[in-house]
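What follows is a predicted protein model with its sequence.
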Amino acid sequence: MSAAFAQIRDKIQAGQPLTLEDGVALYQHHNLMEVGALANEVRERLHGDRTYFNRNLHINATNVCEASCRFCSFARLQPGDKGAYTMTLEEAWGRLRARVEAQDPITEIHIVNGLHPGLPFSYYTDLLAGLKKIQPSIHLKAFTAVEIFYFAKKFGMSIEAVLQALRAAGLDSLPGGGAEIFAARVRKKICDDKSDADQWLEVHRVAHRLGMRSNCTMLYGHIETVEERVDHMLRLRALQEETGGFQTFIPLAFHPENNALMKLPAPTGAEDLRTYAVARLLLHNIPHVKAYWIMLGVKTAQTALWFGADDLDGTVQEERIYHMAGAETPQVMHPTEIVRVIQNAGRTPVERDTLYNVVAEGDALSLKKPFRRDVQRRGLEVVS
Ligand code: V47
């Protein structure tokens, strides 16, 4: 074990925050398993074996987007472009209605859209209000900080006024997308026509001040350096020190298909696991680290549960952003399967709601109603 690593281990064991140099040293430390084991110590100190998931649905209501992020495979510039779509409100509401009618309940809808130049603000407020009308208990985690900032500029409102109006319509919390890498050098090259780091952080600051919770992300494995990754995480940690409003950090591995950066190789499994571990060690004040199975792949996500992650996200259903960028994961995972994946990794599954209140654990997790197609795939009998 190197002297630098031993020093970091001592700091972690004494509960001291790590520095930028420590973060870089963790990326450079040759023994991945040592970094992982240290992250696992922190993960188990915070959560034991508990591993969270929820029942959720993703709605990407439009992929029309004024911004041209070079890593994005989902966006289309104009409404008439090949593959461009915008859901009618009825279509978007219908997604939830179908779940309610199928008695396949969810607790959260995750909504992320393109920056559509032609939609009125009422499209977004009506979208939220209509969903709440169908299922008043649903938690709406909607619109990245980039979208909120865009609304403020486009509709001539303050960030606070946008958040208050969306909240009055049913918004409950913000997802963590749009953060990418905060370093100006990188943003200039991959996403120079949307909100910058300070604007992204300011939206979350205001949301936290209004009492809302949010998540945060980092898009890694493209043109950024290790120092820029660590700097990104430390900026999130500094805002968390100020507000305490972040719940979960989600490292997002770059997917290189069908976008302007497609010549770059995707990050390897070792890079993924190391990034999870470094995140858990640097972000001592953010309670959860999520291994988003759609993006990581189920097998790496399962392994990440031993490298600092304590959450797998949820059932998801019909994710588009990663599938258009080459993800080979299924578009939905039944809770029965999520529980199996977690238990098989030697962890304890806990169904949560968006705010990490426990929905079911232990015997209450017995899942009586698998999807019919899930059952057919396994050659089991349908139990009604
Ligand atoms: O902001 C886009 C990223 C994000 C690609 O808050 C890409 O619980 C990799 O933020 N390769 C959207 N990444 C997804 C997101 C998210 C996902 C799950 C849970 C939560 C949460 C948030 O996906 C975007 C961008 O950073 N992204 N294209 C790509 N080709």
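That came through fine.

Only C-alpha atoms from now on, for both contacts and neighbour counts.
Will do.

ok, the residue of the stretch 1-150 of the chain found nearest the ligand - contacts?
Across the stretch 1-150 of the chain, the shortest distance to the ligand (Cα to the nearest ligand atom) belongs to residue 72, at 4.1 Å. Residue 72 is in contact with 259, 260, 321, 325, counting by Cα atoms under 8 Å, 6 or more residues apart in numbering.

burial count for residue 355?
Residues lying near residue 355 (other Cα atoms under 10 Å) number 13.

what's the distance between residue 217 and the ligand?
For residue 217, the distance to the ligand equals 6 Å [Cα to the nearest ligand atom, to the nearest Å].

isn't that residue right next to residue 177, touching?
Yes. Residue 217 is within contact range of residue 177, at 5.8 Å (criterion: Cα atoms under 8 Å).

Now do the same contact list for residue 300.
269, 273, 293.

Now name the helix or strand holding it.
Using DSSP states H and E, residue 300 sits within helix 298-304.

and after that helix, which helix or strand comes next?
For helix 298-304, the succeeding helix or strand toward the C-terminus, using DSSP H and E, is strand 311-314.

What's the mean pLDDT across that next one?
For strand 311-314, mean pLDDT rounds to 95.

ditto for stretch 99-109
Here the average pLDDT along stretch 99-109 is 91.

do it and the ligand meet?
No. Stretch 99-109 is not in contact with the ligand by Cα under 6 Å from any ligand atom; minimum separation 10.2 Å.

Now name the helix or strand holding the residue nearest to the spatial centre of the chain.
Ranked by distance to the mean C-alpha position of the chain (Cα atoms, centre = their mean), the top residue is residue 250 at 5.0 Å. Element membership for residue 250 (DSSP H and E) is strand 246-253.

surely residue 353 meets residue 54?
Yes. Look at residue 353 against residue 54 with Cα under 8 Å: they come within range, at 5.9 Å.

give me the low-pLDDT residue ranges for the chain?
366-384 (pLDDT under 70).

Show me what from this protein comes close to the ligand.
Near the ligand, when you scan the chain using Cα under 6 Å from any ligand atom, you find 71-73, 175-178, 180, 215, 219, 252-256, 292, 321, 325.

what's the burial count for the nearest residue to residue 314 once chain neighbours are set aside?
Excluding the flanking residues, the one nearest residue 314 by Cα to Cα, 6 or more residues apart in numbering is residue 54, at 4.4 Å. As a burial measure, residue 54 scores 25 neighbours (other Cα under 10 Å).

Now do the contacts for residue 54.
Contacts of residue 54 by Cα under 8 Å, 6+ apart are 106, 107, 108, 313, 314, 315, 351, 352, 353, 354.

how about a cut-off of 7 Å?
313, 314, 315, 351, 352, 353 (Cα atoms under 7 Å, 6 or more residues apart in numbering).

what do you get for residue 351?
Counting by Cα under 7 Å, 6+ apart, the residues that residue 351 touches are 52, 53, 54, 358, 359, 360, 361.

at 6 Å what do you get?
Neighbour list for residue 351: 52, 53, 54, 359, 360 [criterion: Cα atoms under 6 Å, 6 or more residues apart in numbering].

Cool, thanks, signing off.
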